[in-house]
Each structure stands twice: as structure tokens, then as C-alpha cells.
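Peer 1: Give me a 3D structure for the following:
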Amino acid sequence: MILLIEDEPEIRRFLRTTLPVHGFRLHEAATGQEGLTEAKARNPDLLLLDLGLPDLDGGEVIRQVREWTSTPIIVLSARDQEQEKVAALDLGADDYVTKPFGVNELLARIRTALRHATRTGDGGESVFALGDLKVDLGRRQVFVSEKEAHLTPIEYKLLTTLIRYAGKVLTHRQLLKEVWGPLHVDEGHYLRVYMRQLRNKLERNPAHPRYLVTELGVGYRLRTE
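Peer 2: Now for the predicted structure:
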């Protein structure tokens, strides 16, 4: 079941008619407080959360939800809310969709978030494969088109962090904290340098990456489709 926390009647009406057609049960809440109450009562599989709620800031909703559950949260955000997107992701949101959004994009993000939640619950996979990229996590080996790619320890840690959250957008601060530690969350140049090196080793066309995609102003995502 998907819980939609959204105060705009047009979006609620759109999703109310669209999501059930694609096999998803939908429950709605028009305020942050109502959404928190429904989330605890219904334990949904996924939350769709508008940041601009009439009573509570969307970030506060994320913070409270994350106190008791790792249920995937997809933020619905306006185009001019780049910093709010980053803040929401740093607080624990899994992804964001920019308004106005198309149903196919939203469905793809929902499927990815649910797959990631399932994979995390199952303890992960020993081999990650996508296109001509293959990562044997048990043996710490990386292959591109059957040829081994030799990564430095930092490059490998960056790649496996992205794999652990495959399909999910990770902010610059999240990646810096995971790979370099909490004392380096403001050292954005580290991330740019190593991401460039990683793309040069894994992507056929590093200037137009297939796997390691940039979310402008936010961070990076390992594409899964």
C-alpha cells in the first residue's frame, strides 16, 4: 500500500485514478500530522510526500518517520526547491520527483524504491550486474564487458556505496560521509575527482554516462534501468 501525503487536490485526484490501474493500493492524507498518524496505523510499503504541507514541514515528517521505520519515501517537489530536495534526502528520503511529473516517471521511481527496500531487507546481493557492468561483491572484482577493471580502494568504496543504494539518489554529503567519513562532508572536490575517475574506468562514454548519472545540484545515482 502507498500512502500519499499531499494537500493539492489535483495531484491527489490524479494519483487516485492512476496508481490503482497499475496495481497499487493508495491511501491519502492531506496534512503532515494526518500523514504521520496514517503511516503509524497502516505501515505502508512506500510514502509519497509533498514538501509543502499546510501544517508541518515535509522535512519534519521525514525526520519523524525515520525514527521508527525505513519505509521508502519519495518526495514530490516543486522545480525551485533544489535545496529542499537536498535537505529532504539528507534527512532520509529515498528519492524525489519534480512537479509536474509524468506517471511513467513516477511509476519507475516507485518500482526502484520498492526493489531497493526488498534487496536491503534480504541482505543484498553478492553480484551486481547491469548491462556490461558486473561487480562481484564477494570477491571485490569489477568487470566491464568481461574485462576486469582495476579500481583503487576509494573508487571501489564509492562504487559499492552507489550499488548499495542502487536506483536511489544520494546527495553529495551522503556520499562523502559514507566513503570518506563525517569529517569530510564539505569536501565536494573529493567526490568530483573520484567520480570522474570511476566513470573513466566504467563508462563507454564518460561524458554521457549510462550508469553513474548526475542529479544536478543534488548528487549522484546509480541507474538500474
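
Peer 1: Okay, and the beta partners of residue 212?
Peer 2: residue 222 (DSSP bridges).

Peer 1: ok, now residue 133?
Peer 2: Beta-bridge partners, per DSSP bridges, of residue 133: residue 130, residue 144.

Peer 1: so who does it touch?
Peer 2: With contact taken as C-beta atoms under 8 Å, 6 or more residues apart in numbering, residue 133 is in contact with 142-144, 202, 211. (Glycine included, C-beta is placed from N, CA and C.)

Peer 1: Roughly how far does residue 98 sit from residue 48?
Peer 2: 13 Å (C-beta to C-beta, to the nearest Å).

Peer 1: between the two, which one's more packed in?
Peer 2: Legend: neighbour count by other C-beta atoms under 10 Å for residue 98 and residue 48, higher for residue 48 (27 against 15).

Peer 1: Do a quick rundown of the helices in the protein.
Peer 2: For the chain, helices defined by DSSP state H occupy the ranges 9-18, 32-42, 58-65, 82-91, 103-121, 153-164, 172-179, 188-202.

Peer 1: Can you tell me which residue is spatially central in the chain?
Peer 2: residue 168 (2.4 Å; C-alpha atoms, centre = their mean).

Peer 1: How is the protein divided into domains?
Peer 2: With domains defined by automatic domain parsing, the chain comprises 2-121, 127-222.
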